[in-house]
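A.B. asks: below is the structure, and that's it, no one-letter string:
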């Protein structure tokens with residue numbers, strides 16, 4: 001299955017789990033040995049392979065053993081430094097400031113009319 005925006009989170013987790021399992025089997029490593037190598041429990045690996053929700057740290061450990069850790073750069077690419085930010089702000093941007101909309105309604109308590 002190709003993962004895309006139409007897939008819900010459950011379907012994506014199941015697909016990722018299936019891919020983890022296929023890769024582990026292709027490496028000819030048992031769950032026990034793989035989990036030991038990754039530094040996680042066999043139960044955690046089983047949950048991941050069945051599409052369950054696991055901690056991000058455990059996913060990183062799994063990806064490291066599979067040899068896919070550097071693919072995380074594709075997931076969230078490092079953004080290039082924008083020189084304009086430094087010129088205007090004198091430093092790299094740290095947050096976004098929302099500009100107020102003059103047409104936006106002013107907030108009121110529920111008992112105000």
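C.D. replies: Noted; the coordinates are in hand. Worth saying up front: this structure is predicted, and the values here are computed from it rather than measured.

A.B. asks: low-confidence stretches in the chain?
C.D. replies: 81-94, 100-107, 112-113 (pLDDT under 70).

A.B. asks: quick one, helices of it?
C.D. replies: Here the chain has its helices, by DSSP state H, at 9-26, 31-38, 42-49, 56-66, 72-75, 83-89.

A.B. asks: just send those back as JSON lines, with mean neighbour count and distance to residue 97 too.
C.D. replies: Quick note: C-beta positions are derived from backbone N, CA and C, even for glycine. Output for the helices of the chain, formatted as JSON lines (neighbours: other CB atoms under 10 Å; distance: least, CB to CB, whole Å):
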{"stretch": "helix 9-26", "mean neighbour count": "15", "distance to residue 97": "31"}
{"stretch": "helix 31-38", "mean neighbour count": "17", "distance to residue 97": "42"}
{"stretch": "helix 42-49", "mean neighbour count": "18", "distance to residue 97": "39"}
{"stretch": "helix 56-66", "mean neighbour count": "17", "distance to residue 97": "29"}
{"stretch": "helix 72-75", "mean neighbour count": "9", "distance to residue 97": "28"}
{"stretch": "helix 83-89", "mean neighbour count": "10", "distance to residue 97": "11"}
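
A.B. asks: make TSV out of those and add distance to residue 110.
C.D. replies: Compiled in TSV, these are given as follows (distance: least, CB to CB, whole Å):
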stretch	distance to residue 110
helix 9-26	34
helix 31-38	52
helix 42-49	44
helix 56-66	39
helix 72-75	43
helix 83-89	39
